[in-house]
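> Would you be able to build a 3D model of this:
(one chain, ligands or ions: 1)
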Amino acid sequence: QDASNIPTVKHSYQSDVVRLRKIVINSLYSNRDVFLRELISNANDALEKLRIVSLTEKEVWDGTSPLNVTIKAERDATGKGGRIIITDTGIGMSAEELATNLGTLAKSGTSDFLARVEGEEISANSNLIGAFGVGFYSSFLVADKVTVASVRPKSSNNPNPIQNVFSSTADESSFEIFPDPRGNTLGHGTEITLVLKADALDYVAPSNLMKLIHHHSSFSTAFPIYLWNEVEEEIPAEEGVREVDNDTPQDDAEAIIEDTMPAEAAPDPKKVLVGRWEHINSQPPLWTRDPKTVSDEEYHLLYQATFKDFREPLAWSHFTGDSGSGVSFRAIIYVPSYLDETFFSKPLESNSRDVKLLVKHVFITSDLGEYNLPKWASWVRVIIDAEDLPLNVSREMLQSSAFLKQIRGIVLRRLIQLFTRISEEDPEKFAEISKVYRTVLKLGATEDQKNRGKIAPLLRFDTNQRNATSLDDYIKNKKRGQKQIFYLADMGKPVSHLAGSVFVEKLDARGYEVLLLNEPLDEILVQTLRTWKGFKFQDIAKAGLDFGDDTEEDKDVMVELQEKYAPLLEWLKVEAQEVVRDVVLSHRLVTSPCAVVADNNGLTANIQKLISATNRGVEREDFMQTIMKKQKVLEVNPRSPLIEGLLHRIETIVGDDEEKDGNLEELREVASILVDSALVRSGFEVADSNKFLSRVDRVLRRSLGVSETAPTDDTVKPAPPVDPEVPDETFEDPEQKIFSTPDWLEDQGFKIEMEEIDDEGNVVHDEL
Ligand SMILES: Nc1ncnc2c1ncn2[C@@H]1O[C@H](COP(=O)(O)OP(=O)(O)OP(=O)(O)O)[C@@H](O)[C@H]1O
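I've put the predicted structure just below:
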């Protein structure tokens, strides 16, 4: 194709791009250094792409021509302007790709993000840049005009690719794309020219650029970055002008720019400005260094550059190892400071994309395919650099590599070790980690059978006595004779609510610690763990609660009470048979008269909630009710005056039959209310709340001495007849014709504006 025939095409930016560019230009002024980091990061991606494509399409890269980034800054002849040219020898872009990649925003959630940022002062919170990545558009922070020359590599489909130019100024809503009049000067890759704003000319100084690159980008790329630098040097007078190749950077490449000494001074050495490409990221990658020599800041910078997250990681572990299959490797695993909001909203997605596998410092893949990390650890960020896998491994070949299968195990082991070490050495830091990863670790202990024993000590629970208690701490705090780990689960309820539960009252009064579990996963977790260090998890809302300190005396007292209350228990068994399987004396209550307890194998109120949250079918509910009833026991507190009173009434019902019947009916009502309120107190639902409330009503009447049968005065004043008259005007007051934002909405920062329209429906404009 003849490039000279291709016309310049003018394109409009997608509206989101215009919005983003405006935000970038207006809000990130104090962060404008980021432009270089973003462009180097893009260059790195383009170089990586070329290398990876070349594994399967040999013709795009011969494997020998340099893959690098070069940066050159220069003032123009007048000294009033300047430019920075950043070139990479990466995959490049076709004309269509220039238009799509630089003229539109493909990221999902862009509009939401922009709306959020437009309402905020982004400069105060540069994290937003990290969270989103303003990428290429950051060029406009320092440049009035940006041109991007780019060309795809030669391939069998495209043996003669055309180098195109994308050109745009900071304030236009359109950009142009045209064939580069210079022809194909790049071979493959991209050259970005930033025509600097007048207030950004400081950037042309190589020392400033060098500082920036060292600070922000020394870890952004494993490809060499060369910076054009000019220094004054003395050379022997007789030496002429040295020939250098300006375009291909070599470490020793240099050019004499101009003589700075007059020719007459010939015998003396000459002072000349010598320009050369300096390789500025020649230091070995950070992970190959001894961890003792790496500062925290360097770890942060590597993290930022690699994972494009500008929030500092919470922790990291830097280690070397041998896979056992003969591959030695170096790795760093990072714990991000937040958990992506999709972690729980997309429970089935566990594709970890943040394990960067490198071979001999060269990025290979982030896709571990079937050997992905399990869901619970899918958020961890890892750089793992294998020393001796064949360099030209393709993803397909890697899939069959034993090493790939081992990465998961290596990362999980190290992650758990890291957490364990921090939990032991720095509890405050671990509390911070726990805040973010508490639920995730519960998930790990539930789903990761192999590592369960190591994850469980990292779990933290609130209890009736303290926050963030580990299982081991709990065991240390156990009372003599205690053989159970007591817990109460009620998902979604605040911990304070659980602490006040009827089931906790006695344990709390006696000084026992109870784990208060309110997350949906908790109940499943304890059922999975079953025991910890030989202690069985005991749901205190279930039968089987055993303090382990009962003396013979206690047992005798219980036998006595049992005898004493036998008539009440028998009577209640009949009265409550629709709701519970059995009625027994309780030794778990202090002040409450009674509670409903699930059988050991039965469903607690919490599990019932879990089930009915997923099953709303009526038939099923009936069925469930029947099953659940069979698994519940009513426990009555022999020390409660109410229960004693009830016993007394049952034993002393006297009088003629009619009176006895009336008394019994009353008692039945009381019993029914007791049972229903025990259900509620224990977290269950009452079967029929209407019936329950009318019983309460009747008992209230009785206690007030009001007739139980006296009907309520239910004369109701009917509404007047239908009124056919419709007023002409909806609003009498013309002032009120225009809708105005209610004050309460305006206080929230909302403003609703409505236009006034006339009788014909036309918008009424204020007269100018
Ligand atoms: N030097 C380059 N070589 C080849 N393609 C590039 C280059 N710079 C940018 N691109 C293309 O333009 C797209 C947009 O770049 P931009 O920097 O705006 O966002 P990004 O790199 O995709 O995202 P982020 O900046 O968040 O990493 C890139 O995805 C890439 O396809």
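> all contacts plus neighbour counts: C-alpha atoms, from now on.
Will do.
> for the stretch 551-700 of the chain, what spans make up the helices?
Along the stretch 551-700 of the chain, counting by DSSP state H, counting those that start in this stretch, helices occupy 552-575, 605-614, 618-629, 641-651, 657-681, 689-704.
> Kindly present the ones you listed as CSV, with separate columns for mean neighbour count, distance to the ligand and mean pLDDT.
What follows is those, written out as CSV (neighbours: other Cα atoms under 10 Å; distance: least, Cα to the nearest ligand atom, whole Å; pLDDT from 0 to 100):
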stretch, mean neighbour count, distance to the ligand, mean pLDDT
helix 552-575, 14, 68, 92
helix 605-614, 16, 39, 66
helix 618-629, 14, 50, 54
helix 641-651, 15, 68, 91
helix 657-681, 17, 52, 82
helix 689-704, 13, 56, 86
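> out of the ones you listed, nearest to Val24?
helix 605-614 (45.7 Å; Cα to Cα).
> Any chance of the backbone angles for the closest residue to Lys154 other than its chain neighbours?
Nearest residue to Lys154 in three dimensions, chain neighbours excluded: Val60, at 5.6 Å (Cα to Cα, 6 or more residues apart in numbering). Backbone torsions for Val60, taken as degrees, to the nearest 10, come to phi -80, psi -20.
> again with Phe319
Here is the backbone geometry of Phe319 (degrees, to the nearest 10): phi -150, psi 160.
> residues near the residue of the chain found nearest the ligand, how many?
Of all residues in the chain, Gly135 sits closest to the ligand, at 3.2 Å by Cα to the nearest ligand atom. Other residues within reach of Gly135 by the criterion other Cα atoms under 10 Å amount to 19.
> next one: Val716
6.
> So for the nearest residue to Pro179 once chain neighbours are set aside, what pLDDT did the model give?
The shortest distance from Pro179 to any non-neighbouring residue, by Cα to Cα, 6+ apart, is to Asn164 (4.2 Å). Asn164 is assigned 97 on the pLDDT scale.
> Identify the residues contacting Leu443.
Taking Cα atoms under 8 Å, 6 or more residues apart in numbering, we find Leu443 in contact with Trp376, Leu521, Leu525.
> So which of these reach the ligand?
By Cα under 6 Å from any ligand atom, no member of the contacts of Leu443 lies near the ligand.
> Highest neighbour count among those residues?
Trp376 (21 neighbours).
> how about the nearest residue to that one, chain neighbours excluded?
Here the residue nearest Trp376, using Cα to Cα, 6+ apart, is Gly444, at 5.2 Å.
> got the contact list for the one you found?
Trp376, Ala377, Asn451, Arg452, Ile455.
> Distance of the third one relative to Leu441?
Noted for Asn451: a distance of 11 Å to Leu441, by Cα to Cα, to the nearest Å.
> quick one: which of the two has more around it?
Between Asn451 and Leu441, counted using other Cα under 10 Å, Leu441 has the larger neighbour count: 23 against 16.
> wouldn't the more buried one be in contact with Ile455 here?
Yes. If you go by Cα atoms under 8 Å, Leu441 and Ile455 touch, sitting 6.7 Å apart.
> about what we covered before: any chance of the contacts of Gly444 in a markdown table with secondary structure as columns?
Output for these, formatted as a markdown table (DSSP: H, G, I helix; E, B strand; the rest coil):
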| residue | secondary structure |
| --- | --- |
| Trp376 | helix |
| Ala377 | helix |
| Asn451 | coil |
| Arg452 | helix |
| Ile455 | helix |
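> Farthest pair within the residues you listed?
For the contacts of Gly444, with distances taken as Cα to Cα, the pair at the greatest spread is Ala377 and Arg452 (13.0 Å).
> Neighbour count for these two, which is higher?
More neighbours surround Ala377 than the other of Ala377 and Arg452, with 23 against 18 (other Cα under 10 Å).
> The more buried one against Arg414, yeah?
No. Counting by Cα under 8 Å, Ala377 sits too far from Arg414 to count as a contact (11.5 Å).
> thinking Asn281 is in contact with Leu227, fair?
No. Asn281 lies out of contact with Leu227 (Cα under 8 Å); the separation is 9.8 Å.
> Settle it for me: which of the two has more neighbours?
Leu227 (24 against 21).
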